[in-house]
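Student: structure for this input, please:
(one chain, ligands or ions: 3)
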Amino acid sequence: MDTDARQPLIVDSQSLGRRGKLPRHIAIIMDGNGRWAQQRGLNRAEGHRAGVQALKPIVKECAALGIQVLTVYAFSTENWARPQVEVNALWDLLVEFLRSETPELKAEGVRIQTIGNVGALPPRAQRAIDAAKHDTAEQTRMVLNLALNYGGRDELVRAVNRWLDEQRPVPEERYVTANAIAQHLDTAGLPDPDLLIRSSGELRISNFLLWQLAYAEIYVTTTLWPDFNPMELHKAIHAYQNRDRRFGGLRE
Ligand code: IPE
Ligand code: IPE
Ligand code: MG
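Tutor: Ligands and ions are numbered 1, 2, ... in the order given. Alright, predicted model coming up:
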C-alpha cells in the first residue's frame, strides 16, 4: 500500500538530484520493528536492533543526497507504556548506537541533535546523548535529529510554558503568536519537514511533530522499518518530487 505505488522501482541518487527539488527536511516514523521480529520468531528487542541497523544507511544516504535535516522518531512519550524490558533494551540500543556511530557520523559531517524531553531519560542515555552532541557540534552538512521521549503535545505544552516563563516578572507580550510558539518548540531554528515517511503501513501521526507537519507531504510504505533501505528512501523522495504542493493556494 505504498502511497505512490505508480512510482518506478529503482531511482538512483543522481537522477533524484537532477529531477527537482529535494526535501530540505525529512521526518521518519520508524515503525514495524516488533512485527518484523514477530514474523521471524524473534523477540521485540531483536527487532529494534535490526531497526537501528536499518537507520545507519539511511542517515548516510540522506547526507549524501544533500538533505539538510533528518528527524527520526525513536521513542514517543507514549512508548513508556511498553514492558520495562523493551524500554530498557531501547535505551541500551541508543547508547550503543551513539557510542559506535558518532565518530563516523562526525566524519560524514553530521551533527547530532535531539527533540523531546531528554531530561527524563535514564542517566546513561543522557550521558551518551550529551557526548554525541558535544562531539558533533561543529558539523554542518546535515542535522540528525533524534526524537527521544518526544510527543507533539508535550512539546507544545513545554513551548508555551517556556514562553510564559519569559513573560515573568514583567510581561513583554500579552498574547502568544504563531512565531513565538515556533521559536519555543524543540525544533526552533530548523525548517519544518517537507516529507514525512512512515513505515509499516500505519496511517497515523502518533503524536509526532504536530505543529511542524502542517504542510508536510506524507508517504507511507508497508515495508517494516528493519527492511527500509536507501532504495525505499529514493522511492519516497521521488514520490515527493511528483507532488503538487499548494500550501492552501492555487497550483502555479
Ligand atoms: C517502532 O517499532 C519502534 C518504536 C516504537 C520504538 P515498533 O516497536 O512500534 O514495532 P511494531 O509497530 O510493534 O511492529
Ligand atoms: C510511533 O510508533 C513511535 C515511534 C516510531 C518511536 P508506535 O508504534 O509507538 O505508534 P502507534 O502505537 O502504532 O501509534
Ligand atoms: Mg509500532
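
Student: going by C-alpha atoms from here, please, whenever you check contacts or count neighbours.
Tutor: Fine.

Student: list the contacts of residue 12.
Tutor: Counting by CA atoms under 8 Å, 6 or more residues apart in numbering, residue 12 makes contact with 231, 234.

Student: oh, that last question was meant for residue 54, not what I typed.
Tutor: By CA under 8 Å, 6+ apart, the contact set of residue 54 is 225, 226, 227, 228, 229.

Student: rerun that using 6 Å as the cut-off
Tutor: Shown in contact with residue 54 (CA atoms under 6 Å, 6 or more residues apart in numbering): residue 226.

Student: so what pLDDT did it get?
Tutor: The model reports residue 54 with a pLDDT of 99.

Student: next, it: secondary structure please.
Tutor: Secondary structure assignment for residue 54 (DSSP: H, G, I helix; E, B strand; the rest coil): helix.

Student: ok, now how distant is it from residue 224?
Tutor: Per CA to CA, to the nearest Å, residue 54 is found 10 Å from residue 224.

Student: which stretches in the stretch 101-250 of the chain count as strands?
Tutor: Taking DSSP state E, counting those that start in this stretch as the criterion, the stretch 101-250 of the chain carries its strands at 110-115, 142-150, 195-198, 217-220.

Student: number of residues surrounding residue 138?
Tutor: When neighbours are defined as other CA atoms under 10 Å, residue 138 has 13 of them.

Student: measure it to residue 99 for me?
Tutor: Counting by CA to CA, the separation of residue 138 from residue 99 is 18 Å.

Student: want to throw the strands of the stretch 101-250 of the chain into TSV with distance to ligand 2?
Tutor: Shown next, in TSV, are the strands of the stretch 101-250 of the chain (distance: least, CA to the nearest ligand atom, whole Å):
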stretch	distance to ligand 2
strand 110-115	12
strand 142-150	8
strand 195-198	8
strand 217-220	13
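
Student: residue 185 and residue 161 touch, don't they?
Tutor: No - contact criterion CA atoms under 6 Å: residue 185 and residue 161 do not qualify, at 10.4 Å.

Student: which of the two has more residues huddled nearby?
Tutor: Neighbour tally, residue 185 and residue 161, criterion other CA under 10 Å: the higher count belongs to residue 185, 24 against 14.

Student: element containing residue 37, please.
Tutor: Assigned by DSSP states H and E, residue 37 belongs to helix 33-39.

Student: show me what that helix is packed against.
Tutor: helix 44-65 (3 or more CA pairs under 6 Å, 6 or more residues apart in numbering; DSSP states H and E).

Student: past the helix it packs on, which element shows up next along the chain?
Tutor: Counting by DSSP H and E, the next helix or strand C-terminal to helix 44-65 is strand 69-76.

Student: that following strand to strand 110-115, inter-axis angle?
Tutor: 40 degrees (axes from the mean of the first three to the mean of the last three CA atoms, to 10 degrees).

Student: for strand 69-76, buried residues please.
Tutor: Within strand 69-76, the residues that qualify as buried are 69, 70, 71, 72, 73, 74, 75, 76, counting by 16 or more other CA atoms under 10 Å.

Student: what do you get for stretch 36-48?
Tutor: 36, 37, 43, 44, 45, 46, 47, 48.

Student: send the alpha carbons of the biggest helix by length in the chain over as CSV?
Tutor: Scanning the chain for the helix with the most residues, using DSSP state H, yields helix 84-107. Presented in CSV, the C-alpha positions along helix 84-107 are these (Å, rounded to 0.1, in the frame of the first residue of the first chain):
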residue,chain,number,x,y,z
GLN,A,84,10.1,-2.4,31.1
VAL,A,85,12.4,-4.9,29.4
GLU,A,86,11.6,-3.5,26.0
VAL,A,87,12.0,0.1,27.2
ASN,A,88,15.4,-0.8,28.7
ALA,A,89,16.5,-2.5,25.6
LEU,A,90,15.7,0.6,23.6
TRP,A,91,17.9,2.8,25.8
ASP,A,92,20.7,0.3,25.6
LEU,A,93,20.5,0.3,21.8
LEU,A,94,20.5,4.1,21.8
VAL,A,95,23.7,4.2,23.9
GLU,A,96,25.3,1.6,21.8
PHE,A,97,24.3,3.4,18.6
LEU,A,98,25.7,6.7,19.8
ARG,A,99,28.9,5.2,21.1
SER,A,100,29.7,3.2,18.0
GLU,A,101,28.4,5.6,15.3
THR,A,102,29.2,9.1,16.4
PRO,A,103,32.8,9.1,15.1
GLU,A,104,31.7,8.0,11.6
LEU,A,105,28.7,10.4,11.7
LYS,A,106,31.1,13.2,12.6
ALA,A,107,33.4,12.3,9.8
